[in-house]
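> this one's sequence-less:
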């Protein structure tokens with residue numbers, strides 16, 4: 001006659017099974033934590049690479065299409081302060097198809113998708129050294145209607161530049177580095193930032209930046225602003 005399991009044998013079997021199950025659960029939980037940590041580290045590295053690429057791209061464009069007007073205008077291509085910097089450059093430029101007079105609020109230029117509503121403009125005449133900034137109100141019959149009347153006269157073939165400005169700013173309370181484009185709002189670029197430092201060297205036309213993440217990882221970059229040379 002085959003005897004069934006006794007109570008003692010059943011308790012031993014249950015204990016062994018429970019111990020094995022506990023080990024399996026603990027191993028699975030640890031594997032999940034490790035996997036989550038690896039994923040988090042990978043996402044942070046990708047965010048850092050994306051941030052560095054964005055900074056490099058904007059700084060490499062800084063001052064682009066503004067070189068000719070720089071000697072006689074006070075338009076700033078790069079500015080910086082504690083925890084922030086801004087750079088300005090031209091997205092496109094076109095020549096006036098016909099002259100414009102002071103007090104006029106339209107400019108005749110070739111069609112260009114960059115000259116959209118609320119786009120800031122630089123208008124200048126290199127020969128007369130006249131210049132000013134303005135903004136597109138809307139388009140009308142192939143002309144740009146400006147928000148403000150012109151302050152100067154501009155000959156035919158004067159230049160109209162579609163301007164873009166980007167700004168980077170560190171928000172210590174949120175531990176975030178954010179970027180703003182033109183008149184938009186600051187958008188998060190990198191989180192867990194514990195410090196952001198920027199220095200401009202005007203004699204060398206170069207910028208040194210340093211990003212510290214989670215008080216342990218540091219990313220540094222040194223970029224020449226070639227369009228300011």
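Sure thing, it's come through. None of these values were measured; they are calculated from a predicted model.
> got a list of what the residue sitting nearest the centre point of the chain touches?
Nearest to the mean C-alpha position of the chain, counting by CA atoms, centre = their mean, stands residue 179 at 4.3 Å. By CB atoms under 8 Å, 6 or more residues apart in numbering, the contact set of residue 179 is 54, 166-169, 186-187, 189. From N, CA and C alone the C-beta is placed, and that goes for glycine too.
> remind me which helix or strand it belongs to.
strand 176-181 (DSSP states H and E).
> in space, what's closest to the residue nearest to the centre of the chain - neighbours in sequence excluded?
residue 189 (4.8 Å; CB to CB, 6 or more residues apart in numbering).
> cool, and residue 208?
residue 199 (4.6 Å).
> give me the number of residues near that neighbour?
12 (other CB atoms under 10 Å).
> right, and it touches residue 220 too?
No. Counting by CB atoms under 8 Å, residue 199 sits too far from residue 220 to count as a contact (10.9 Å).
> which neighbours do the two share?
In terms of CB under 8 Å, 6+ apart, residue 199 and residue 220 are both contacted by the residues 208-209.
> doesn't residue 170 fall inside a strand?
Yes. Under DSSP: H, G, I helix; E, B strand; the rest coil, residue 170 falls within a strand.
> any idea how far it lies from residue 82?
To residue 82, residue 170 is 9 Å away according to CB to CB, to the nearest Å.
> so if I had to pick from the two, which one is more boxed in?
residue 170 (21 against 8).
> name the residues of the strand holding residue 179 that are buried.
For strand 176-181, the neighbour count (16 or more other CB atoms under 10 Å) marks 176-180 as buried.
> how far is it from where the chain is centred?
Put simply, strand 176-181 sits 6 Å off its chain's centre (CA atoms, centre = their mean, to the nearest Å).
> okay if I get the contacts of residue 179 as JSON lines plus neighbour count and secondary structure?
Below are those laid out as JSON lines (neighbours: other CB atoms under 10 Å; DSSP: H, G, I helix; E, B strand; the rest coil):
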{"residue": "54", "neighbour count": "16", "secondary structure": "helix"}
{"residue": "166", "neighbour count": "21", "secondary structure": "strand"}
{"residue": "167", "neighbour count": "18", "secondary structure": "strand"}
{"residue": "168", "neighbour count": "26", "secondary structure": "strand"}
{"residue": "169", "neighbour count": "17", "secondary structure": "strand"}
{"residue": "186", "neighbour count": "15", "secondary structure": "coil"}
{"residue": "187", "neighbour count": "10", "secondary structure": "strand"}
{"residue": "189", "neighbour count": "19", "secondary structure": "strand"}
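> if anything else comes up later, I'll come back, but that's it for now.
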